[in-house]
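Trainee: Okay, structure incoming, though there's no sequence with it:
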């Protein structure tokens, strides 16, 4: 029993490390983009530079082919969906998550907010997190949110191909 708990802790730590590495990679990419455009931006206004930086980061993010960046975007879609549920429905969502998936620890999910819930789902289900979320949303009759998440997920898949 303790070995299983230690293994779960190690897996969680590895997942946190992968997340930190993805975030560091994104920050390096943003700094690289900023540095390569510095010379051509000298004559632009501050506002124009900010707009171009945001557009460049958005373009690179959408066009990214790496799984890590795809997971970050999926993370954002899942988070937006759970945020749209509100507190009471999020608690219901977590109840279904615990009930239907024995791998989810009651202690982990019980007091989790939307951010933590998404982290837990991604750690447990990786790329299946969207599918699991869609299933639970449909059980809850939150079909509009399920459709929005499904559409976002499909667009993301198409953009990354």
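Mentor: Right, received. Where do you want to start? As the structure is a computational prediction, the values presented were derived from the model and not from experiment.
Trainee: Residue 20: neighbour count?
Mentor: Counted with other C-beta atoms under 10 Å, residues neighbouring residue 20 total 10. Heads up, the C-betas are built off the backbone N, CA and C, glycines and all.
Trainee: average pLDDT across the helix or strand hosting it?
Mentor: For residue 20, the element it lies in under DSSP states H and E is helix 2-37. The pLDDT scores in helix 2-37 average 73.
Trainee: what's the answer for stretch 122-138, then?
Mentor: Taken as a whole, stretch 122-138 has a mean pLDDT of 92.
Trainee: same question, stretch 77-90
Mentor: For stretch 77-90, mean pLDDT is 91.
Trainee: Now do it: distance to the chain's middle.
Mentor: Here the centre of stretch 77-90 is set off from its chain's centre by 13 Å, with C-alpha atoms, centre = their mean, to the nearest Å.
Trainee: ok, now which ones touch the residue positioned nearest the centre of the chain?
Mentor: Nearest to the mean C-alpha position of the chain, by C-alpha atoms, centre = their mean, lies residue 75 at 0.8 Å. By C-beta atoms under 8 Å, 6 or more residues apart in numbering, the contact set of residue 75 is 118, 122.
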